[in-house]
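# okay, sequence plus prediction incoming.
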Amino acid sequence: MKPVIALVGRPNVGKSTLFNRLTRSRDALVADLPGLTRDRHYGEGRVGERPFLVIDTGGFEPVAKDGIMHEMAKQTKQAVAEADVVIFIVDGRQGLTPHDKTITDFLRKSGRSVMLVVNKAEGMKYTSVASDFYELGLGDPYVISAAHGDGVADLVEESLNLAFAQRPVDDEIEESSSKGIKIAIVGRPNVGKSTLVNALLGEDRVIAFDMPGTTRDAIEIPFERDEKQYTLIDTAGIRRRGKVFEAIEKFSVVKTLQSISEANVVLLLLDAQQDISEQDAHIAGFVLESGRALVVGINKWDGLTADRRDEIKIDIERKLNFLFFAKFHFISALKVTGIGPLMKSIDAAYAAAMAKLSTPKLTRALIEAIEHQQPRRKGSIRPKMRYAHQGGQNPPIVVIHGNALEAIDANYRRYLEKHFRETFSLVGTPLRIELRSSK
Ligand code: GDP
Ligand code: GDP
């Protein structure tokens with residue numbers, strides 16, 4: 001499981017600047033699709049081979065009773081409860097403020113590992129920036145400049161070491177025990193996730209796996225259907241956390257992100273009785289960014305009027321058109337209808353995600369695509385694509401080699417993606433195109 005790092009601090013101390021720096025490298029890989037909703041508060045960073053999740057908590061006003069500030073404080077509390085390490089940022093130019101002390105008290109009660117970070121310290125001496133903040137009692141501060149990047153690499157390295165130091169040692173051994181296709185069921189609260197899990201596994205097994213005392217973070221539940229093996233990823237199981245903030249919310253973005261990244265195929269559930277919400281679109285955006293294979297289940301299809309059925313179809317078409325590559329199924333978890341075809345789509349999506357595409361076949365498909373439609377010139381530059389090979393699975397990555405490929409625009413990329421998708425019948429998985437120019 002990826003470690004979770006939460007960025008906490010007063011407004012304007014530089015949280016989002018640091019967040020962008022930590023997650024930036026990921027952006028280049030992610031498709032820019034019309035309608036795609038991204039949640040800029042959750043991102044993935046990477047140091048070498050080690051991926052981690054970063055949460056940017058908006059701002060923090062612990063005393064607010066209601067309104068937007070209260071809402072933000074609630075979000076921050078949840079982020080802190082779910083983090084392995086909290087990076088608490090203060091402003092080195094402003095010095096210590098009373099508000100910083102309030103946040104410190106809150107963090108201390110949370111029982112989380114906290115790293116105190118003094119930001120905006122470019123061109124300043126360590127001792128003079130740091131001295132102000134010792135009285136918070138959080139140890140030696142890390143002094144950085146998020147804007148310039150000074151000290152950021154060390155900070156991340158240290159925070160990951162701290163996060164891994166807290167992990168149970170048996171984590172890695174357990175990972176390999178799963179069988180078959182790993183499935184994560186995601187969706188906002190009340191769409192019917194638990195009902196569907198019950199339908200797939202049977203009531204008794206769900207209860208058995210939900211027992212307290214389980215120490216592991218991701219619970220993997222094996223099951224069989226039509227003589228095929230699957231494993232359900234359930235991160236909502238009991239996590240060992242500080243006493244103060246246990247089980248704050250029924251829905252957790254962090255757990256959703258973690259189960260997505262542990263899965264081969266994500267089953268996104270929507271509720272046919274409600275319109276597609278912002279939260280649905282956010283979760284769909286997370287799935288897309290992860291590159292996991294995807295099947296969409298539109299649940300609670302039982303007992304709907306024909307009008308409502310048309311309405312929800314139009315709503316989905318309008319708001320989730322960036323999921324064009326996925327199969328949609330109308331199901332009822334309660335009445336257990338539509339599950340068979342849904343599982344077939346999961347098998348197919350997995351097969352597409354794991355497809356092996358040979359260099360000769362990919363190159364032939366590339367040449368076909370070019371013959372049918374050339375990329376446009378950009379000024380006097382004409383991109384020249386030479387050959388393609390597979391750069392990865394789940395999602396499949398097609399790496400195209402050639403010259404001046406930076407001149408290829410988003411439209412042409414989408415055209416190429418569509419062409420590869422059709423040539424190799426890749427339904428249910430995102431497909432990534434990487435362009436590599438040689439000099
Ligand atoms: P947030 O509200 O905590 O997310 O803070 P932001 O990341 O939006 O930053 C607030 C302001 O501080 C912006 O104007 C940033 O450009 C500035 N800032 C952030 N990091 C640094 C830094 O390392 N040095 C300086 N001088 N300014 C910074
Ligand atoms: P979760 O929060 O996503 O796990 O949702 P639950 O499985 O707890 O379901 C929320 C509510 O929706 C419960 O009252 C379920 O009985 C109901 N529900 C779930 N699936 C269906 C369905 O297919 N049809 C109908 N009509 N209700 C459903």
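In hand now; what should we look at? Ligands and ions are numbered 1, 2, ... in the order given.

# distance-wise, check the residue of the chain most remote from its centre relative to Ile316.
In the chain, Ser380 marks the outermost C-alpha relative to the chain mean, sitting 39.5 Å out by Cα atoms, centre = their mean. Using Cβ to Cβ, to the nearest Å, Ser380 is found at 44 Å from Ile316. C-beta: built from backbone N, CA, C; applies to glycine.

# for Lys300, same thing?
Distance of Lys300 to Ile316, given as Cβ to Cβ: 14 Å.

# counting neighbours, go ahead and name the busier of the two.
More neighbours surround Lys300 than the other of Lys300 and Ile316, with 23 against 19 (other Cβ atoms under 10 Å).

# I'd assumed Gln273 was in contact with that one.
Yes: Lys300 lies in contact with Gln273 (Cβ atoms under 8 Å); the separation is 5.0 Å.

# ligand 1 versus the residue nearest to Thr57 when sequence neighbours are not counted, what's the distance?
Nearest non-adjacent residue to Thr57, counting by Cβ to Cβ, 6 or more residues apart in numbering: Thr76, 4.1 Å away. Noted for Thr76: a distance of 12 Å to ligand 1, by Cβ to the nearest ligand atom, to the nearest Å.

# what about the helix or strand hosting Thr76, average pLDDT?
Remark: Thr76 resides in helix 67-82, with elements defined by DSSP states H and E. The average pLDDT within helix 67-82 is 79.

# next SSE after that helix?
Immediately after helix 67-82, counting by DSSP H and E, sits strand 85-91.

# quick one, the helix or strand following that next one and helix 67-82 angle?
Per DSSP H and E, the first helix or strand lying C-terminal to strand 85-91 is helix 98-110. Between helix 98-110 and helix 67-82, the angle comes out at 40 degrees (axes from the mean of the first three to the mean of the last three Cα atoms, to 10 degrees).

# which outside residues touch the helix or strand following helix 98-110?
Scanning forward in sequence from helix 98-110 by DSSP H and E, the next helix or strand is strand 113-119. Contacts to strand 113-119, defined as Cβ atoms under 8 Å, 6 or more residues apart in numbering, come from residues 13-14, 17-18, 84-92, 107-108, 129-130, 133, 136, 138-146, 155, 158-159, 162-163, 166.

# just the buried residues of the residues you listed.
Applying a neighbour-count criterion of 16 or more other Cβ atoms under 10 Å, the buried members of the contacts of strand 113-119 are 13-14, 17-18, 84-92, 107, 129-130, 133, 136, 138, 141-146, 155, 159, 162-163.

# which ones among the residues you listed also lie next to ligand 1?
Among those, proximity to ligand 1 is found for Val13, Gly14, Thr17, Ser145, Ala146 (Cβ under 6 Å from any ligand atom).

# which of the residues in the host helix or strand of Met385 are buried?
Met385 is part of strand 384-392, with elements assigned from DSSP H and E. By 16+ other Cβ under 10 Å, the buried positions in strand 384-392 come out as Met385, Ala388, His389, Gln390.

# so what's the residue in the stretch 251-400 of the chain that ligand 1 sits nearest to up against?
Residue nearest to ligand 1 within the stretch 251-400 of the chain (Cβ to the nearest ligand atom): Val253, separated by 17.9 Å. Shown in contact with Val253 (Cβ under 8 Å, 6+ apart): Asp39, Tyr42, Ile55, Phe286.

# and of those residues, the nearest to ligand 1?
Checking these against ligand 1 by Cβ to the nearest ligand atom gives Ile55 as the nearest, at 12.2 Å.

# residues near the closest one, how many?
Counted with other Cβ under 10 Å, residues neighbouring Ile55 total 26.

# mind giving me the packing neighbours of the strand or helix carrying it?
Using DSSP H and E, Ile55 maps to strand 50-56. If contacts are counted by 3 or more Cβ pairs under 8 Å, 6 or more residues apart in numbering; DSSP states H and E, strand 50-56 sits against strand 4-8, helix 15-27, strand 42-47, helix 152-165, helix 253-262.

# need the contact partners of the second one.
Residues external to helix 15-27 that are found in contact with it (Cβ under 8 Å, 6+ apart): 5, 7-9, 40-41, 43-46, 54, 56-57, 87, 89, 119, 144, 146-147, 149, 152, 156, 289.

# again, only this time at 7 Å
Outside of helix 15-27, the residues within contact range by Cβ atoms under 7 Å, 6 or more residues apart in numbering are 7, 9, 43-46, 54, 56, 89, 146-147, 149, 152, 156.

# what pLDDT does the nearest residue to Phe322 once chain neighbours are set aside get?
Closest residue to Phe322 apart from its sequence neighbours, by Cβ to Cβ, 6+ apart: Leu33 at 4.1 Å. At Leu33, the pLDDT value in this model is 71.

# now the element after the helix or strand of the chain with the lowest mean pLDDT, going C-ward?
Across the helices and strands of the chain, mean pLDDT, DSSP states H and E gives its lowest value to helix 171-175, namely a mean of 50. Using DSSP H and E, the helix or strand that follows helix 171-175 in sequence is strand 181-186.

# what's that next one in contact with?
193, 196-197, 230-233, 256, 259-260, 262-269, 283, 346, 350.

# got it, and stretch 136-154?
Defining contact as Cβ under 7 Å, 6+ apart, one finds that stretch 136-154 is touched by 14, 17-18, 21, 92, 100-101, 104, 114-122, 126, 129-130, 133, 155.

# redo that, cut-off 6 Å
With contacts defined as Cβ atoms under 6 Å, 6 or more residues apart in numbering, stretch 136-154 is touched by 14, 17-18, 21, 104, 114, 116-119, 121-122, 126, 129-130, 133, 155.

# how near is Asn20 to ligand 2?
Applying Cβ to the nearest ligand atom, the value for Asn20 to ligand 2 is 32 Å.

# now do the phi/psi pair for the nearest residue to Gln279 once chain neighbours are set aside.
Nearest residue to Gln279, sequence neighbours excluded (Cβ to Cβ, 6+ apart): Arg188, at 4.5 Å. Dihedral pair for Arg188: phi -70, psi 170, per degrees, to the nearest 10.
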